[in-house]
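1. Next comes the sequence, and after it the predicted model I'd like to discuss.
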Amino acid sequence: MKTVIIGGVAGGATAAARLRRLDEKAEIIILERGEYVSFANCGLPYFIGGVIKEKSDLTLQTPISFKKRFNIDVRVQNEAVKIIPDKKKITVKNLVTGELYEESYDNLILSPGAKAIIPDIKGIESGNVFTLRNIPDTLKIKNYISKEKPQSALIIGGGYIGVEMAENLKEAGLTVSIAELSDHLIASLDFDMAADVHRYIKSKGISLFLNNGVKEIRGNKVILQKGETKADIIIMAVGVRPETELAVECGIKLNSRGSIIVNSEMQTNIPDIYAVGDAVEVENFVTKAPSFIPLAGPANKQGRIAADNIAGKISEYKGTQATSILKLFDMTVASTGLNEKSAKEAGFDYDKAYTYSASHASYYPGAKNMSIKALWDKKTLKILGVQIVGFDGTDKRMDVLAAAVRFGAKITDLTSLELSYAPPFGSAKDPVNMLGFVAENIVSGKVKQFFWHDVENLPRDGSVFLLDTRTPMEVSRGKIDGFINIPLDELRNRIGEIPKNKSVYVHCHSGLRSYLACCILSGNGYDCYNLAGGWRLYESVINERTVPEYICKECNKD
């Protein structure tokens, strides 16, 4: 049995190694048009920034190591230029010698990946404009910085790669800006969760041009849709598209976006041809809709599944839920599943909750709060998506919540999770549990919510009572117009100041003390609504002034 794999990164390399483990006798060939195989493209920004010191650290395997360990024939700089399905042959071009030759196969796996989108911008062909998809791209950028000594950089695109590049170029000593067409960085986040990211990244000296695209590049002068800026080096990071020209030419079915259509066993419409990785259409795990979600983890899983099926071991890919994480200096940004935009597009009737919990016991040194937002289906209570912006401990909470989504947990199931606890690592009521407690109160009707985007529409004519339960010192730092301050600890003694015939809209710093206020008020016959996420979230979205690592000690009390 002979299997040829086109593309030797992520899915292709994983498929080859898995197939060898399943079948010692199989003949396995990897065709890779680039110079490198099985390289860590997620690590490329960190090589540019100097965190990863050696280029060799980026290559997980080489043709020689593949041969020694797995007995796999890896041919770099050999490009598949044509697939002939009816003859089960591939035309291959040796990019070093120019020679064309044919290679037969019994099974074929396509793992061509995706290529950077190059927008139609005048001057984009300038010598100071780069993309970042592979090691040669990385070396070009690294060499340019070393030789030309640029002082300033502009990243076009505010997704994960763009933000990572901004951090690493800043760490390399450049003045850095990001231009992003959307109103916020990182598309998997909602605007309200991205607000903390904006404020933090600006505190690190990185400028943001949001709702702003690039019209023209004139040397180091960049003309934006609104205004202009200067940059000695420009990195294009506006996204990727599947690289599937070879597939379409041989009759493999693609969707309208150009992704290869496969079934759950990673098979294309042509017998014995499989496809994996960034080039394929996947099923969104939450919505069940066809999607394009280019991520390394899913690509590796798909490679394994294709190999399983070729070896006769029935295996199915069960969808991508888009779990991702980003390091931004000391901040961690993570998400899984749907955000509000995608939940609305999918037609879900959803509810949401926000929490602001410390990474570990607040009395143990170094605790920093993380902002968590969760969405769930009102009908089934199943978790649809979660976003977290925080520091220490963000990653492990996201992994717990991503697993909960994968196994179909209800938002209220989070209350019963038994998670590891010691003061340096967490709290007896872990942030994941706290998210469940808050959601349970909402689902049960114990608390009614209003949101930051509702605040400006609340009447200020006295028809409702607007209550701020923070301390006077907190109020002195900033307040919402029209809200009357009665600190939580004074509420019972001053409850007579609140008319019983009016609905009461309450807020505190994070939503916890105002929830306690609502318990007091509801117990005394009032109609009470709690501001989800509290002043902290509201102020973050409206003004982007609150320091995200500020810990409200009051909010962490039982």
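-> Great, that's in hand. Residues are numbered from 1 along each chain as shown.
2. ok, how many other residues are close to the nearest residue to residue 121 once chain neighbours are set aside?
-> In space, and not counting its chain neighbours, residue 121 is closest to residue 214: 5.4 Å by CB to CB, 6 or more residues apart in numbering. The C-beta positions use only the backbone N, C-alpha and C, and glycine is treated the same way. Applying other CB atoms under 10 Å, we find 26 other residues in the vicinity of residue 214.
3. cool, and residue 174?
-> 20.
4. How much space separates the residue nearest to it when sequence neighbours are not counted from residue 173?
-> Leaving aside its chain neighbours, residue 174 sits nearest to residue 153 (4.7 Å; criterion: CB to CB, 6+ apart). Distance from residue 153 to residue 173, counting by CB to CB, to the nearest Å: 10 Å.
5. the more surrounded of the two?
-> Shown here are residue 153 and residue 173; by other CB under 10 Å, residue 153 has more neighbours (26 against 12).
6. partners of the more buried one in the sheet?
-> residue 176, residue 233 (DSSP bridges).
7. who's in contact with it?
-> 166, 169, 174, 175, 176, 177, 231, 232, 233, 234, 235 (CB atoms under 8 Å, 6 or more residues apart in numbering).
8. what's the farthest-apart pair in those residues?
-> Spatial extent of these (CB to CB) is set by the pair 166 and 232 at 14.7 Å.
9. Can you pull out the low-pLDDT segments for the protein?
-> Along the chain, segments meeting pLDDT under 70 span 544-558.
10. same thing but at 80, please
-> Regions of the chain meeting the criterion pLDDT under 80 cover residues 39-41, 60, 544-558.
11. Residue most distant from the centroid, it?
-> residue 496 (48.0 Å; CA atoms, centre = their mean).
12. The stretch 1-150 of the chain: strands as residue ranges?
-> For the stretch 1-150 of the chain, strands defined by DSSP state E, counting those that start in this stretch occupy the ranges 2-6, 27-32, 73-76, 78-84, 89-94, 100-104, 107-110, 114-116, 129-131.
13. ranges for the helices of the stretch 1-150 of the chain?
-> Assigned by DSSP state H, counting those that start in this stretch, the stretch 1-150 of the chain shows helices spanning 11-22, 44-48, 63-70, 135-148.
14. Residue 313 is nearest to which of those helices?
-> helix 11-22 (6.6 Å).
15. Check the offset of that closest one from the chain's centre.
-> Centroid separation for helix 11-22 versus its chain: 27 Å, with CA atoms, centre = their mean, to the nearest Å.
16. list the buried ones in that helix?
-> The neighbour-count check on helix 11-22 (16 or more other CB atoms under 10 Å) flags 11, 12, 13, 14, 15, 16, 17, 18, 19, 20 as buried.
17. With stretch 217-228 instead?
-> For stretch 217-228, burial by neighbour count (16+ other CB under 10 Å) applies to 217, 220, 222, 224.
18. can you list the residues that contact it?
-> With contact meaning CB under 8 Å, 6+ apart, stretch 217-228 is reached by 121-124, 126, 128-129, 152, 154, 179, 209, 211-216, 229-232, 234.
19. Pull out the buried members of those residues.
-> Taking 16+ other CB under 10 Å as the criterion, what is buried in the contacts of stretch 217-228 is 121, 123-124, 128-129, 152, 154, 179, 209, 212-214, 229, 231-232, 234.
20. Much appreciated, bye for now.
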